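Trainee: Sequence first, predicted model second:
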Amino acid sequence: MGRRLNRRQRKLAEAGLAFIRPTIAAFWKRNPDLRDSIRRVDMESVAQLAVCMASFTYKAEKSKPTTYYGSAIRHALYRAVLNQQRQDGRYIPTEVILDPQPNHHRTRQEMKAMRALRALSIADRALLEDRLIEQVTLEQLGSEQRCDPRTVSKRVRKAIDKLKQIASDLP
């Protein structure tokens with residue numbers, strides 16, 4: 001079973017629930033192009049879970065609750081909508097973004113780079129895609145993975161190093 005909130009965290013989470021409806025309304029208003037995917041996401045549940053997860057890491061001396069919980073809710077909603085789009089089949093895989101050309105028009109170096117990318121683990125490819133292609137911040141990735149942004153930065157560097165190693169080993 002997962003971690004449990006202590007008393008202080010439970011009170012913070014209960015206070016954070018007040019930010020759910022206004023944040024969802026603002027999210028809905030700011031993203032009219034995502035409305036089809038938003039309709040299929042249970043936004044209340046996603047937001048409640050985001051508030052609970054944010055209660056573990058909230059520090060009053062660093063930020064205001066509205067700012068902290070609002071950004072946690074928004075980020076969780078964006079991730080939920082992105083996942084919904086992937087399930088709907090509208091998601092474009094990294095290979096297509098990186099490689100819109102057919103095979104016979106590529107250089108040898110481009111072919112080698114594509115083989116190296118395919119040899120990476122799915123988790124490393126997803127991390128590099130989020131960080132380098134979608135330009136998700138280290139703080140957002142850290143909150144999503146429930147770890148420090150410096151840890152995420154190390155993981156990104158390791159994934160890039162793996163990619164370089166795989167590319168150098170290929171013929």
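Mentor: Perfect, I can see it now.
Trainee: From here on, just use CA atoms for contacts and neighbour counts.
Mentor: Will do.
Trainee: so where does residue 151 fall, helix or strand?
Mentor: Using DSSP states H and E, residue 151 sits in helix 149-169.
Trainee: Going by neighbour count, list what's buried in that helix.
Mentor: 149, 152-153, 156, 159-160, 162-163, 166-167 (16 or more other CA atoms under 10 Å).
Trainee: Provide the contact partners of that helix at residue level.
Mentor: Residues lying outside helix 149-169 but in contact with it, judged by CA atoms under 8 Å, 6 or more residues apart in numbering, are 112-113, 115-117, 119-120, 124-125, 127-128, 131, 138-139, 141-143.
Trainee: just so I have it, where are all the strands in the protein?
Mentor: For the chain, no strands are identified by DSSP state E.
Trainee: Tell me where it is predicted with low confidence.
Mentor: By pLDDT under 70, the low-scoring segments of the chain are 1-2, 36-37, 39-40, 86-106.
Trainee: domain ranges for it?
Mentor: Under the assignment automatic domain parsing, the domains of the chain span 1-91, 92-171.
Trainee: Just name the most buried of those.
Mentor: Among the domains of the chain, ranked by average contacts under mean count of other CA atoms under 10 Å, first place goes to domain 1-91 (a mean of 16).
Trainee: How about the contacts made by residue 76?
Mentor: Residue 76 is in contact with 46-47, 50, 144, counting by CA under 8 Å, 6+ apart.
Trainee: any chance of these in JSON lines, plus distance to residue 20?
Mentor: Output for the contacts of residue 76, formatted as JSON lines (distance: CA to CA, whole Å):
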{"residue": "46", "distance to residue 20": "10"}
{"residue": "47", "distance to residue 20": "6"}
{"residue": "50", "distance to residue 20": "10"}
{"residue": "144", "distance to residue 20": "18"}
